[in-house]
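In: Okay, here's the prediction I keep looking at, along with the sequence it came from:
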Amino acid sequence: MTPDPLSFFTIDHGTASTAAALIAPVGGRFRLLAAATAPRGISVEAILGDLVGRVRATEPTLLVAADDWPSWARLEVATYRPLRVVCAAGSEDRADELARACRVAGWEVAARFAGPRVDALSLTEACLDRAVSVVALAGGEPPAPDERVGIALLAPMVAATLQRRPDLRVVLSGGASGWADPFPAERVAHAPTTGPELRGGSAGAARFFLELAARWVSSASGVQLPDGRQAFTVGAASLATLLDRAVDAVDVGHAAGLRAVATPDGSVEWVLRADAALVPSQAMTDDDEADTILRWCALDAEHFVLRDRIRNLGLAPWREAAGDGARLRLAALRASLVRLSSAWTGGHPEAPRERRTAATRRRLSSGMALSGSRARMGRSSATRGATAVPDLVVASGGAFAAVPAPIAALALLDALRRPGARTLLWDHARLLGPMGTLGEESDRRRLMADLLDDAFVPLASALVAGGLHHGRPATLRVTSPVGSSESSLAAGSLRTMDLPPGVTARVEIEARDPVMVGVRARHVAMDLTGGLAGMLVDGRETPLRLHERADRRRAQLDGWERGLWAGLEP
Amino acid sequence: MTGEALPAPPRAAAPASAAGSAPALFVSGRTPAGGSPLCWFKLGPADRPSVGVGDVVSVGDALFERTRDVHLLESSRVSRGDLTPGAAVDPADHLDSAAGRPRARLSDRASVLFRGTEGRLRLAVGRAADHALSVVSGVVESVDGRGIAIRAEGDGLPGAICWGRSVRGRLMLGVSTPDGDLRASAIDVAAAGSIVVAGARVDIEAITRARALGVRGVICGGLMSKVLRQLEASDARQRASLHPPPPFAVLALDGYGLRPIPGPAWDALSAAAGKEVTIVADPPLVLLAAGPKRRASGDLVRVTAGRHLGREGRLLDLRGQLRGVGGVYLPAGLVSLDGRTPSDPVERQTIALADLERLD
């Protein structure tokens, strides 16, 4: 009998690409031995066989019973295209809340109706659209008097559309559950009352919609795989707990964009938006939406040609990943992350994160070396100022699969803007989702602890300084084993500094006016660890303001990108 | 962690080993022409289907009665309960001519939208316009609020973008090569009633002229979104006129912009030249008479992006990671590309696998 090799695969079945990884015990701990991402449609068995073949070719003795790889365990997740929903509610406010909860859960809102004055013809036409698969009807708990009138009018309209479409389902939220009589019970789901929340959590209407969509999609397709988005939020929470720090995880794909912010206590908030996909469906037909992406593009070409190319990116996102295609991809990625950020904050700029207690600050002030030493930073820098603690941003998803590391770092920095220091990591093998499917928190943490250095590639450390004034630059001092430097940090500037992965630098900012770097002070010091793109020091404003004139905007974007693209003529 | 076993995830059934298999396995395949596609024909709220589930329909058979100027009216009396949503009713039975109440004409068509809580029916009422005729032959699989679904006879050649309504006509090659460009001046009255194959792209002048001359549809490799917008604006103007324009469709097989017609599609269209074909709008495809499929070996690929766009060849081997312009690393393969003309020599190129598609 062959001993159990303990080797296993992780597979993330995306809507446009499949990511697979081979993990096996080496030297007493699990290691990520090989990973690959391929366009969806390519045989998963071919990808897995190739992973095994690559490892055997490199180190033939590393895998035990490698010929048995088809029977090795698999941690699999799958993501799906967003459901399209028609939202109806008894009042305008409730309809807004319902539409927001649906959007937060990654659903596409095809139309929105608020009673009692509803155009029945429009509602019927919207519900009969073949692309729509759900109608949601919401009311308060209990419904207000005006809502009661509205729901009483809407319920028979919606019920009539269900009679005309055998595949249509209905969600009754909150007080609308009291009007369930006209609906076939097997096609009804009862959801919690919607609220004003911008984000999803571990409970509430948005969470319900997220879980419901995964359940319906898997029952319709017959593929019983865990939902990749839910698993991703679980994985982010485990990572935050393991590292004892806040984790800001983003996953941008072909069908949707997901952002999950987890705290060390294991709680997680998330937003899943269909319109934060790399190329959202609206951009395929709406020129204004396509132009929103092209605002972030530094390419100088005919506008209509660029629109076509953006739409081709939506049709086949894996194509043309180099050259001009890479720059278009960057534009789409930036626009997607900006939409995600805007959805997170409700359209407002992101606020600086609240600093933690002094004890937590001391514990975390060792920089972001994931497995490095935890030497406590001296208090000398705090005598005249403060110690800033870097945040952790993890990027994942198919949209990052074919983007160079410095460019991915720039996209994150441009879109998720917040004064402060952060370390940008890339979940290159898309492991966070599959690891999130493990049932026990302790198992997740054990596996993550083993794979931390393999699974998360350090893209860069970034320092965003807010509050700089034009003509009054701050002084930036960087001390690392690579060397020491002193330079000025001007408002509006973006600089890249060499700092290899794993090397920690002491960074100090000294200014005449207080600068905002997570903390507001005239003198700030912190330890930052390098990445593939080194260290990015950013004195640009928050949020970024792009020039209105296209030629100036292109020059502005080109100025930021220049130096980050390798071998690409601007 | 010391190599302790994690809780076992579900194990897959043992599949065949793929290690050491053909390089073309790592290239995504182009969706081939599929037999008997399911074609959808949308129904408006007051449209009346003329077919039922299981009916066999032929080209030219009435599918449904189309209505226009549809509006909502409330029945003037409480009606009995056996009328279900979507059921056709006689407007005269439900609509009185009470003062202030909008009236329906005797020739109007009405169908039940829903029954209000007080028992009165709400009706979608519209003017009977014409009968929509089937452009495909096949068996009706479903008739409901979504529309009529017909399992059509023939092979469906999938497209990427379709504008307009489903149309049928004789197929006519307007260009001699799949990367050709159809000029407006090349379209004449001989093309009336036909579906014209336009090559790599088609401009708005050619489409406008084709439409004016009675061409039913245009098939091309790529379509500029600028042309789509102009076409939409032109159509909105025509719809506003007294006489609605005849159905017309444009189908792009490969995407937006300048894109040659893929080789297998070009072969299939060339073989169908002179025969009746259908452009189906939902899903976007060209329906051709069923015929022998092009037999391609597993390593035949087509370049879908970059300077070799549209060229076909054979994937000889995998070449590891290719460092693309901009610092992007992509899995690549060595491809033996056929010449653009038969006299051109075969050319070997290393191309990213993501920029290839398998033709089998």
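Out: Ah, there it is. Numbers count the residues shown, from 1 in each chain, chains lettered A, B, ... in the order given.
In: burial measure for the residue of the stretch 201-350 of chain B found nearest chain A, as a count.
Out: In the stretch 201-350 of chain B, the residue that lies nearest chain A is B:G324 (2.6 Å; C-beta to the nearest C-beta). The C-beta positions use only the backbone N, C-alpha and C, and glycine is treated the same way. When neighbours are counted by other C-beta atoms under 10 Å in any protein chain shown, B:G324 registers 25.
In: who are the neighbours in contact with the residue nearest to it when sequence neighbours are not counted?
Out: Nearest non-adjacent residue to B:G324, counting by C-beta to C-beta, 6 or more residues apart in numbering or on different chains: A:A322, 2.6 Å away. Residues in contact with A:A322 (C-beta atoms under 8 Å, 6 or more residues apart in numbering or on different chains) are B:324-326, B:328, B:330, B:352.
In: Could you do A:D391 as well?
Out: A:245-246, A:248, A:353, A:418, A:420-423, A:518.
In: Now do A:P419, the pLDDT please.
Out: Note on A:P419: pLDDT of 89.
In: same thing with A:R199?
Out: 91.
In: For it, which residues are in contact?
Out: A:104, A:206, A:269-271, A:344.
In: Please report how far it lies from A:L340.
Out: According to C-beta to C-beta, to the nearest Å, A:R199 stands 11 Å off from A:L340.
In: could you pull out the helices for chain B?
Out: B:91-94, B:204-212, B:225-239, B:263-272 (DSSP state H).
In: re earlier: I'd like the contacts of A:A322 as CSV, with pLDDT and distance to A:I23 appended.
Out: Shown next, in CSV, are the contacts of A:A322 (pLDDT from 0 to 100; distance: C-beta to C-beta, whole Å):
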residue, pLDDT, distance to A:I23
B:G324, 83, 28
B:V325, 80, 33
B:G326, 81, 30
B:V328, 86, 26
B:L330, 90, 24
B:A352, 93, 27
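In: And those residues, which two are furthest apart?
Out: Within the contacts of A:A322, two members stand farthest from each other by C-beta to C-beta: B:G326 and B:A352, at 12.2 Å.
In: If we go by neighbour counts, what in stretch B:34-46 is buried?
Out: Across stretch B:34-46, burial judged by 16 or more other C-beta atoms under 10 Å in any protein chain shown covers B:36-46.
In: out of all of them, which strand in chain B is the longest?
Out: strand B:62-78 (DSSP state E).
In: Tell me the residues of the stretch 101-250 of chain B that contact chain A?
Out: Taking C-beta under 8 Å from any C-beta of the partner chain as the contact definition, the stretch 101-250 of chain B meets chain A at B:112-117, B:122, B:124, B:144-147, B:160, B:222, B:224-226, B:229.
In: now do 7 Å
Out: Residues of the stretch 101-250 of chain B lying close to chain A (C-beta under 7 Å from any C-beta of the partner chain) are B:113-117, B:122, B:124, B:144-147, B:160, B:224-226, B:229.
In: which one among these gets closest to A:G530?
Out: Distances from A:G530 to these, taken by C-beta to C-beta, are shortest for B:S225, at 42.6 Å.
In: which residues touch that closest one?
Out: By C-beta atoms under 7 Å, 6 or more residues apart in numbering or on different chains, the residues touching B:S225 are A:304, A:307-308, A:311, B:256.
In: let's see 6 Å
Out: A:307-308, B:256 (C-beta atoms under 6 Å, 6 or more residues apart in numbering or on different chains).
In: shaky segments in the chain?
Out: Here I'm looking at chain A. A:1-4, A:348-390, A:566-570 (pLDDT under 70).
In: if you could check chain B rather than the one you did, that'd help
Out: B:1-21, B:33, B:78-81, B:95-104, B:242, B:292-297.
In: run the last query once more with 50
Out: Low-confidence segments of chain B, defined by pLDDT under 50: B:1-20, B:99-100.
In: one step back: next, format the buried residues of stretch B:34-46 as JSON lines and append distance to A:Q163.
Out: Shown next, in JSON lines, are the buried residues of stretch B:34-46 (distance: C-beta to C-beta, whole Å):
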{"residue": "B:S36", "distance to A:Q163": "29"}
{"residue": "B:P37", "distance to A:Q163": "28"}
{"residue": "B:L38", "distance to A:Q163": "23"}
{"residue": "B:C39", "distance to A:Q163": "24"}
{"residue": "B:W40", "distance to A:Q163": "20"}
{"residue": "B:F41", "distance to A:Q163": "20"}
{"residue": "B:K42", "distance to A:Q163": "18"}
{"residue": "B:L43", "distance to A:Q163": "15"}
{"residue": "B:G44", "distance to A:Q163": "17"}
{"residue": "B:P45", "distance to A:Q163": "13"}
{"residue": "B:A46", "distance to A:Q163": "16"}
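In: Dump these into a markdown table; add distance to chain A as well.
Out: Formatted as a markdown table, those follow (distance: C-beta to the nearest C-beta, whole Å):
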| residue | distance to chain A |
| --- | --- |
| B:S36 | 19 |
| B:P37 | 15 |
| B:L38 | 11 |
| B:C39 | 12 |
| B:W40 | 7 |
| B:F41 | 11 |
| B:K42 | 8 |
| B:L43 | 8 |
| B:G44 | 8 |
| B:P45 | 5 |
| B:A46 | 9 |
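In: now, the most widely separated pair of these?
Out: Maximum distance among those (C-beta to C-beta): 30.7 Å, for B:S36 and B:A46.
In: What is the burial count for A:G53?
Out: 18.
In: ok but it is inside a helix, no?
Out: Yes - the assignment for A:G53 is a helix, going by DSSP: H, G, I helix; E, B strand; the rest coil.
In: and the gap between B:G156 and B:G34?
Out: Counting by C-beta to C-beta - B:G156 and B:G34 are separated by 5 Å.
In: for A:V268, same thing?
Out: 43 Å.
In: Same question for B:D299.
Out: 22 Å.
In: can you check A:A16 too?
Out: Distance from A:A16 to B:G34, by C-beta to C-beta: 21 Å.
In: again, but for B:P264
Out: Distance of B:P264 to B:G34, computed by C-beta to C-beta: 13 Å.
In: which stretches of the stretch 301-450 of chain A form helices?
Out: Taking DSSP state H, counting those that start in this stretch as the criterion, the stretch 301-450 of chain A contains helices spanning A:303-315, A:324-345, A:358-364, A:405-415, A:432-436, A:441-455.
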